[in-house]
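**Q** this one's structure only:
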């Protein structure tokens, strides 16, 4: 309920401010946290993470739930994070440790059960950026 309450407070169609938004994606334990901290320091930017800090305390609860519930939690986190990005990008460059791409990759991975032939078709929505989610300027 608390996650949904936060989600309801997010404005629709968030708009990015004048500073760049850069997302770093990658597997666990590959150095994203180290790199994002260094880039934030170099650019005098703002570092945000997915899931956002305001809901990250519930991550362990949702990680033990069935895949659709877990995916919903992370999807909600993307929209809450987008609201934080919109605000932060009016003040400084924004560096993000994971965003929508991780959610999409997890969704695909859990749907295929390890079989490439079970990948969603090319036209599936899972491959397309949600029209109502704030886009970054660069993804690495």
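**A** Happy to help now that I have it. Being a predicted model, the structure only gives us computed values, none of them experimental. Numbering: from 1, shown residues only.

**Q** how about the closest residue to residue 46 other than its chain neighbours, what does it touch?
**A** Among residues not flanking residue 46 along the chain, residue 88 sits closest, at 4.4 Å (Cβ to Cβ, 6 or more residues apart in numbering). All C-beta spots, glycine's among them, are computed from the backbone N, C-alpha and C. By Cβ atoms under 8 Å, 6 or more residues apart in numbering, the contact list for residue 88 reads 17, 19, 46, 48, 94.

**Q** helix or strand right after the longest helix along the chain?
**A** Within the chain, and with DSSP state H defining each element, the longest helix by residue count is helix 67-88. Per DSSP states H and E, helix 67-88 leads on to strand 94-97 as the next helix or strand towards the C-terminus.

**Q** which helix or strand lies directly C-terminal to the lowest-mean-pLDDT helix or strand in the chain?
**A** Lowest by mean pLDDT, DSSP states H and E among the helices and strands of the chain is helix 2-8, with a mean of 68. Sequence-wise, the next helix or strand downstream of helix 2-8 (DSSP H and E) is strand 21-24.

**Q** how far does that next one sit from its chain's centre?
**A** 10 Å (Cα atoms, centre = their mean, to the nearest Å).

**Q** give the buried residues for the helix or strand just after that strand.
**A** Using DSSP H and E, the helix or strand that follows strand 21-24 in sequence is helix 32-43. Across helix 32-43, burial judged by 16 or more other Cβ atoms under 10 Å covers 32, 36, 39-40, 43.

**Q** so for residue 13, what's the pLDDT?
**A** With respect to pLDDT, residue 13 has a value of 65.

**Q** who are the contact partners of the most centrally placed residue in the chain?
**A** Residue closest to the average C-alpha location in the chain (Cα atoms, centre = their mean): residue 99, at 2.1 Å. Contact analysis of residue 99 by Cβ under 8 Å, 6+ apart lists 23, 25, 50, 78, 81, 136, 139.
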